[in-house]
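# Take a look and give me a structure for this.
(chains A and B)
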Amino acid sequence: MQVHKYDVVIVGAGGAGMRAAIESGQRARTAVLTKLYPTRSHTGAAQGGMCAALANVEEDNWEWHTFDTVKGGDYLVDQDAAEVMAKEAIDAVIDLEKMGLPFNRTPEGRIDQRRFGGHTRDHGKAPVRRACYAADRTGHMILQTLYQNCVKHNVEFYNEYYVLDLLTVEEEATREDGTIYLQKKTAGVVSYDLATGELHVFQAKSVILATGGAGKVFKTTSNAHTLTGDGMGIAFRKGIPLEDMEFFQFHPTGLAGLGILLSEAARGEGAILRNSEGERFMERYAPTIKDLAPRDIVARSMANEVREGRGCGPNKDYVLLDLTHLEPAHIDAKLPDITEFARTYLGVEPYTEPVPVFPTAHYAMGGVPTNIATEVLQDNDTVIPGLYAAGEVACVSVHGSNRLGTNSLLDINVFGKRAGVAAAEYAKTADFVDLPENPEAATVALLEHVRTSDGGEKVALIRKDLQDTMDANMQVFRTAESIDKVLADIASFEERYSRITVQDKGKRFNLDLLEAVELGFLLELAKVMTVAALHRQESRGGHYREDFPDRDDENFMKHSMAYLDSNVTVESSAESIAGIRLETKPVVVTRYQPMVRKY
Amino acid sequence: MSTVETELPEPASKIELPAHLGGGGEIPTFDVTLKVRRYDPEFSEESKWEEFTMTMYGTDRVLDALHKVKWEQDGSLSFRRSCAHGVCGSDAMRINGRNRLACKTLLKDLDTSKPITVEPIKGLPVEKDLIVDMEPFFQSFREVMPFLVNRGHEPSKERLQSAEDRERFDDTTKCILCAACTSSCPVFWTDGQYFGPAAIVNAHRFIFDSRDDAGDMRLEILNDKEGVWRCRTTFNCSEACPRGIQVTQAIAEVKQAILSRQI
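Residues are numbered from 1 along each chain as shown, chains lettered A, B, ... in the order given. As a prediction, this is how the structure comes out:
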């Protein structure tokens, strides 16, 4: 085992991690640890754009953007955070342009902007052109540009280093009211070098979690195979809460049966959704902005059309995205990649034929709780010194119960930058926290268990069963009954997981072992999502309970906070969920009082 | 302030859909055999071919077949993959002797009456099975100054760039650094020092960006004996590129720029 020492360690090299690294690397000795080569990160799969009220093509301002973000999130957004994001969006786009990002341009040579779901002029009056974009590969361009700038600034990467543990110590501390509590402090991380199978301990003054999402808990997903919620998982195992995990976004337009993303930019450029009767059904669900309603509403409307028998195809299980009224030249200029996906994977020619689509699991609104300075919280308001999180792994909460399209690319840039600056500045004055004794012990035990367990259960099969039940019971429509089914299933999967066998016994690139470890995180996170969904007896944003179809501000206008707690036994919990304690946290409301959410 | 696009007419609320829509009936299944080049120096210095047979669907890709092997038959089979739809660049490999992304190659487009051969990409050291050491590849990338250099006055807003100037280098911005081009190049196979097509593509992306001021320095770097002049214009790279980049043309444009010193 080797021990390394850095001021700042960044875990993850997607958009948030690399944006942080560009800031931190110029201020403090920084290492970036990443499970993948940086350019493989899933930021690169984002397509449509990044919103900022530049007002390059029509009147716009950041206050409207803030309002749209709050309303889009069904008022569960922390409004101070949304305001920070919408204000800093403008500089975030300009920063990227100066770093070299090749945005599409207006005839005057300025950054061009286009429409996106839920982004409106003057508090919902009409769609507005706010999304800055580079064809339909904006995420690819952001990821490449950030990597290019990391090369420029000589950022130090440890590629294919999989972080498996966060090292924290706890000390007794006293609150203002005199109560004693355990204050967590950051000491570093433990990582597993995939190439050699060796463990490396990184001692660090600051750690930034930037590991992305957990979409692989679902079967039909736009997420990469590698998005297994590792950062959320290691934080949760260390007693750090996870916030708002019941809110998962289903993107309306995944390629039917495959889940591959077709950007909302298609609808921004004029494409529409039709059912088996050829109807533009969004006219019924969102009369004002129709196909450009926020994603939760469009996804539910699609699922409802299918449920009521107006689905298309041999099994009537999808709807159609119709681009056939658009000029082929316009499609080629603005949407080249996604139309190629339709051709490659479904053999459909979008110029002449509508494309089969259905909602696909896309984005975790919840995650590791942080304040607007990106500092991680160990409860509703206690900061863990030296620990930061940004991007999809975090919940700052700018997305509330439903994220607006393009706000994720914005989130990683605004809060990634904030995290990089804050972590480096903290490291300038802070001392290293002593590593705990045998810092690698827990990781050694975890790997040893996975490597030597010999019960014959296959990791891939348990994962498939988990994904199947999550798709069937925890997707856009949920009930107490469907949620209970998932919880019972997960209990059986956990039992099977204790009896897995990993076939590959080697040290070198043991990806069989990696998948087994990842499944452990998936099971844990699926359980947290499901328990939180059970407790939220209302419908809000991406969480729709058919048994509680209305939003209930009186009882549920608050964030959920899930803690790992071994004192919660099956007997003591009304819902029979051992090991998870649920609490709540108030929503920050500044200028917008909750209103009925109509589009 | 101007509105650049004219408003589209509203599409019809309801249209007649052709009867066939949604594709016809069942997805066909078929048996395929993968013949995979295996290598694990932890257990043997020798590499060997191994065959796996399985039933797959018409919509499946080579990556799905590899996953089926790994998940159901042999968990030790090792390969990189992430996004699974051709944008992350993890799974470039040699499939039936041609460099492709496993996640973008549909089985039905290959001849499934014979075993489908799958090997690691060539010219980079093999680490295990289909995994190669990507470090030399990324080293060449880093050497061409793959980042915007602008020495001019920094405006408070964005720099202006005309749509035509932006279009000039559009093709080479598509690169996902998968190494399919570089590892298909016969010159790279025999001369590991050659920068290779991918690095030149990424230099092109900046040399022809009107906002950039370091074109001359990059041209100097690529005028080296291991630079663009090693290219023998075999077009393997253009054929291999899963993003459809006209790689050979980009290299030719860089050669031309070196000769004329005009960008």
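# Please count neighbours and contacts with C-alpha atoms only from this point.
Will do.
# quick one: strands adjacent to the strand or helix carrying residue A:321?
For residue A:321, the host element (DSSP states H and E) is strand A:319-322. Based on DSSP bridges, the strands next to strand A:319-322 in the sheet, each with its direction, are strand A:272-274 (antiparallel), strand A:355-364 (antiparallel).
# need the helices for the stretch 251-400 of chain A, in chain order.
A:265-268, A:282-285, A:295-307, A:328-334, A:336-341 (DSSP state H, counting those that start in this stretch).
# Please identify which of the ones you listed is closest to residue A:530.
Shortest separation from residue A:530 across these is recorded for helix A:295-307, at 18.0 Å, computed as Cα to Cα.
# any idea of the angle the closest one forms with strand A:355-364?
Helix A:295-307 and strand A:355-364 meet at an angle of 140 degrees, taking axes from the mean of the first three to the mean of the last three Cα atoms, to 10 degrees as the criterion.
# elements contacting helix A:295-307?
The elements that helix A:295-307 packs onto, with contact taken as 3 or more Cα pairs under 8 Å, 6 or more residues apart in numbering or on different chains; DSSP states H and E, are strand A:248-255, helix A:282-285, strand A:319-322, strand A:355-364.
# Looking at the ones you listed, which is nearest to residue A:222?
Closest to residue A:222 of these, according to Cα to Cα: strand A:355-364, at 5.4 Å.
# Pull that closest one out as PDB, backbone CA atoms only.
Coordinates of each C-alpha in strand A:355-364 appear next as PDB, following Å, rounded to 0.1, in the frame of the first residue of the first chain:
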ATOM      1  CA  VAL A 355     -38.700   8.000 -33.900                       C
ATOM      2  CA  PRO A 356     -39.900   5.500 -31.200                       C
ATOM      3  CA  VAL A 357     -39.200   7.000 -27.700                       C
ATOM      4  CA  PHE A 358     -40.000   6.300 -24.100                       C
ATOM      5  CA  PRO A 359     -38.900   7.800 -20.800                       C
ATOM      6  CA  THR A 360     -35.400   6.800 -19.600                       C
ATOM      7  CA  ALA A 361     -33.900   7.100 -16.100                       C
ATOM      8  CA  HIS A 362     -31.700  10.100 -16.400                       C
ATOM      9  CA  TYR A 363     -30.700  12.100 -13.400                       C
ATOM     10  CA  ALA A 364     -30.600  12.000  -9.600                       C
END
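# Give me the buried positions along that strand.
By neighbour count on 16 or more other Cα atoms under 10 Å in any protein chain shown, the buried set for strand A:355-364 is A:355-364.
# Poorly predicted segments of the chain, please.
You didn't pick a chain, so chain A it is. For chain A, the stretches flagged by pLDDT under 70 are A:570-576.
# that's the other chain; I wanted chain B
Regions of chain B meeting the criterion pLDDT under 70 cover residues B:1-8, B:19-26, B:262-263.
# ok, back up a step: just the buried residues of strand A:355-364 now: which is nearest residue A:218?
Using Cα to Cα, residue A:361 is the member of these that lies nearest residue A:218, at 6.5 Å.
# what distance separates the start and the end of stretch A:261-276?
Across stretch A:261-276, the straight-line distance between its terminal residues is 21 Å, by Cα to Cα, to the nearest Å.
# What lies in contact with it?
Taking contacts as Cα atoms under 8 Å, 6 or more residues apart in numbering or on different chains, the residues outside stretch A:261-276 that touch it are A:46-49, A:114-117, A:136, A:222, A:251, A:253-255, A:280-282, A:291-292, A:305, A:310-312, A:319-323, A:325-326, A:334-335, A:338, A:360, A:405, B:8, B:11, B:17.
# Write out the residues of the stretch 51-200 of chain A neighbouring chain B.
A:56-58, A:94, A:97-100, A:102, A:104-111, A:140-141, A:145, A:148-149, A:151-152 (Cα under 8 Å from any Cα of the partner chain).
# and these, which are buried?
By the neighbour-count criterion of 16+ other Cα under 10 Å, those include these buried positions: A:56-58, A:94, A:97-100, A:102, A:104-106, A:109-111, A:140-141, A:145, A:148-149, A:151-152.
# What are the phi and psi values at residue A:208?
Taking degrees, to the nearest 10, you get phi -110, psi 120 for the backbone angles of residue A:208.
# ok, for the closest residue to chain B within the stretch 451-599 of chain A, nearest residue in space, not its chain neighbours?
Closest approach of the stretch 451-599 of chain A to chain B (Cα to the nearest Cα) occurs at residue A:504, with a separation of 4.5 Å. Excluding its sequence neighbours, the residue lying closest to residue A:504 (Cα to Cα, 6 or more residues apart in numbering or on different chains) is residue B:76, at 4.5 Å.
# burial count for residue B:46?
9 (other Cα atoms under 10 Å in any protein chain shown).
# coming back round to it: kindly present the helices of the stretch 251-400 of chain A as TSV, with separate columns for mean neighbour count.
Written out in TSV, the entries for these read as follows (neighbours: other Cα atoms under 10 Å in any protein chain shown):
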stretch	mean neighbour count
helix A:265-268	22
helix A:282-285	16
helix A:295-307	21
helix A:328-334	15
helix A:336-341	20
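# Would you mind saying which of those lies nearest residue A:378?
Set against residue A:378 and scored by Cα to Cα, the helices of the stretch 251-400 of chain A come closest in helix A:295-307, at 29.7 Å.
# Direction-wise, compare that closest one with strand A:248-255 and give the angle.
Using the same axes, to 10 degrees, helix A:295-307 lies at 60 degrees relative to strand A:248-255.
# Residues contacting helix A:295-307 from elsewhere in the structure, which ones?
A:117, A:249-252, A:275, A:282, A:285, A:291, A:311-312, A:316-319, A:358-359, A:402-405, A:476-477, A:541-542.
# Sort out which of the residues you listed are buried, if you could.
Buried by 16+ other Cα under 10 Å: A:117, A:249-252, A:275, A:282, A:285, A:291, A:311-312, A:316-319, A:358-359, A:402-405, A:476-477, A:541-542, out of the contacts of helix A:295-307.
# Count the residues that sit near the residue of the stretch 251-400 of chain A found nearest chain B.
Here the stretch 251-400 of chain A gets closest to chain B at one residue, residue A:313, 3.8 Å apart by Cα to the nearest Cα. Each residue near residue A:313 was counted by other Cα under 10 Å, and the total is 19.
# Look up how far residue A:223 lies from it.
From residue A:313 to residue A:223 the distance is 25 Å (Cα to Cα).
# now swap in residue B:147 and tell me
When distances are taken as Cα to Cα, residue B:147 and residue A:223 turn out to be 28 Å apart.
# Residue A:240 now?
According to Cα to Cα, residue A:240 and residue A:223 sit 25 Å apart.
# what's the answer for residue A:330, then?
28 Å.
# Repeat that for residue A:100.
As for residue A:100, its distance to residue A:223 is 27 Å (criterion: Cα to Cα).
# same thing with residue B:47?
Note on residue B:47: its distance to residue A:223, by Cα to Cα, is 34 Å.
# Who has more neighbours out of these two?
Between residue B:47 and residue A:223, counting by other Cα under 10 Å, residue A:223 is the more crowded of the two (27 against 13).
# which residue sits closest to the more buried one, ignoring its sequence neighbours?
residue A:215 (5.4 Å).
# Just give the number of residues close to residue B:182.
Applying other Cα under 10 Å, we find 29 other residues in the vicinity of residue B:182.
# Pull the contacting residues for it.
Taking Cα under 8 Å, 6+ apart as the criterion, residue B:182 is in contact with B:188, B:196-198, B:237.
# From these, pick the one nearest residue B:142.
Proximity to residue B:142 was ranked across the contacts of residue B:182 by Cα to Cα; first place goes to residue B:198, at 11.0 Å.
# looking at this, the closest one is in a helix?
Yes - checked against DSSP: H, G, I helix; E, B strand; the rest coil, residue B:198 lies within a helix.
# these two touch, right, it and residue B:176?
No - under the criterion of Cα atoms under 8 Å, residue B:198 is not in contact with residue B:176, lying 9.3 Å apart.
# Pick out whichever of those two has more residues nearby.
Counting neighbours by other Cα under 10 Å for residue B:198 and for residue B:176 shows that residue B:198 has the greater number, 27 against 24.
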